[in-house]
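# Any chance you could fold what I've pasted below:
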Amino acid sequence: MWGAPGLAGFARPGNPDDIHPIPRLPSREQVQFRARLKSAILTSPSGVDTVQMPKSKSLSSASHYSANYGNFQKELYAEIRREAFGEDIGQNSWLTASEQNSFLKWLNLSPGKILLDVACGSGGPALRIAALTGCSLVGIDAHEDAIAAANSLVTRELTTHAEFHVGDATSPLPFSDAHFDAITCIDAINHLPERPRIIAEWARLLKPGGRLLFTDPITLTGPMTNAEVAVRSASGFYLFVPHGYDEIVIAQCGLRLLVCEDTTPNMATVAESRRSAREKRSTDLREIEGGPAYEQQQEFLAVAARVAQEGRLSRFMYVAEKCE
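Have a look, this model is predicted:
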């Protein structure tokens, strides 16, 4: 086992037998839709039609995430995370500590195994997994400020079982075939284009029997207005896909789907909690972020909470396994 800042007191996950995938009973229309969806993916090089939102003109992806990670270690932002998530594990997504505990069952991690965390952000959640399971960790993220924050955590603890690198997850990754026992990507696959190619690359990197776990937080499950889509995709590239798309791409890439769990209620709760926690500190946040950036983030969180509560834009967790 090895530690990281603030990880000594983390509770271990409960009985894994208490965790079950949520069953979803498709209607006849959903069955027909999935059949058409599968046909579209298998017959078209570009796959099924998806909604791809380019980089916003109002706030670029780089400036948005640089602002987030540049201020990440300030106590004000730590206070917001504690209030919004219940426990600050260094997350910048919809992930809570209790939700991560429920995910651990599916990863089969232990000392001697290696985890790759794609779009690792500040590294806190992945370091927590490593601390709880004893596995080794490699994290990659496109944002230099995020990796700087992650490496500061590693340096502070003199950890030798974790390393973080700036890397482009949209390109082939510089690792050999069958290198990792598990791969995670939490609330970030929606920022990566060409999903079949991305998941095929992850499949290449997994050892036989290895597990892939990712969350897709912008799955279309109801009608969305153009204004809602614009707000929900205001900070960079976003790929909106219909429910059913991820399952088919997983199979297309030669992986066996183990779990599809609807985690939308957690996203709705966290989005509203983050909005509320930030609003209470609006004066300080406006000074740090600037008025327009603060308002845009508040609108983003309000829309994210509303469309999730109404079941129109959902979040699903997938676990897939590479066949032996």
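# mind listing the strands in this structure by residue range?
51-53, 114-118, 136-141, 162-166, 180-185, 206-220, 238-242, 255-262, 313-322 (DSSP state E).
# roughly how far apart are the closest residue to residue 71 other than its chain neighbours and residue 277?
What sits nearest to residue 71 in space, not counting adjacent residues and going by Cβ to Cβ, 6 or more residues apart in numbering, is residue 77, at 5.5 Å. All C-beta spots, glycine's among them, are computed from the backbone N, C-alpha and C. Plainly put, residue 77 is 10 Å away from residue 277 if you go by Cβ to Cβ, to the nearest Å.
# With residue 131 instead?
26 Å.
# again with residue 186
For residue 186, the distance to residue 277 - Cβ to Cβ - is 20 Å.
# And these two? Which one has more around it.
residue 186 (25 against 19; other Cβ atoms under 10 Å).
# Look up the pLDDT of residue 51 for me, please.
Confidence at residue 51, expressed as pLDDT, is 57.
# With the one 5 residues further on instead?
Residue 56 is assigned a pLDDT of 39 by the prediction.
# Ignoring the adjacent residues along the chain, who's closest to residue 111?
Per Cβ to Cβ, 6+ apart, closest to residue 111 is residue 134, 3.7 Å.
# how far away is the one you found from residue 154?
Taking Cβ to Cβ, one finds residue 134 at 16 Å from residue 154.
# Those two - which one has more neighbours?
Between residue 134 and residue 154, counting by other Cβ under 10 Å, residue 154 is the more crowded of the two (20 against 15).
# The more buried one contacts residue 163, doesn't it?
Yes - the criterion here is Cβ atoms under 8 Å, and residue 154 meets it with residue 163 at 7.3 Å.
# Show me what the lengthiest helix in the chain is packed against.
Ranked by number of residues, the top helix in the chain under DSSP state H is helix 291-309. On a contact count with 3 or more Cβ pairs under 8 Å, 6 or more residues apart in numbering; DSSP states H and E, helix 291-309 meets helix 226-232, helix 264-279, helix 282-289, strand 313-322.
# Quick check: which of these is buried the most?
The highest mean neighbour count among those, using mean count of other Cβ atoms under 10 Å, belongs to strand 313-322: a mean of 23.
# What pairs with that one, parallel or antiparallel?
Take DSSP bridges as the rule and strand 313-322 pairs in its sheet with strand 206-220 (antiparallel), strand 255-262 (antiparallel).
# Comparing these, which comes out most buried?
Buried most deeply of the strands paired with strand 313-322, by mean count of other Cβ under 10 Å, is strand 206-220, with a mean of 21.
# between that one and strand 180-185, how big is the angle?
10 degrees (axes from the mean of the first three to the mean of the last three Cα atoms, to 10 degrees).
# now strand 206-220, how far from the centre of its chain.
Computed by Cα atoms, centre = their mean, to the nearest Å, the chain-centroid distance of strand 206-220 equals 10 Å.
# these two touch, right, residue 179 and residue 208?
No - contact between residue 179 and residue 208 fails when scored by Cβ under 8 Å: they sit 11.9 Å apart.
# State the pLDDT value of the closest residue to residue 103 other than its chain neighbours.
Spatially, and ignoring its direct neighbours in sequence, residue 103 is nearest to residue 213 (6.0 Å; Cβ to Cβ, 6+ apart). We have a pLDDT of 98 for residue 213.
# same thing with residue 93?
With respect to pLDDT, residue 93 has a value of 92.
# Quick check: nearest residue in space to it, chain neighbours excluded?
Using Cβ to Cβ, 6+ apart, the nearest residue to residue 93 is residue 187, at 3.8 Å.
# Let me know the average pLDDT across stretch 275-292.
Mean predicted confidence for stretch 275-292 is 96.
# Fine by me, we can end here.
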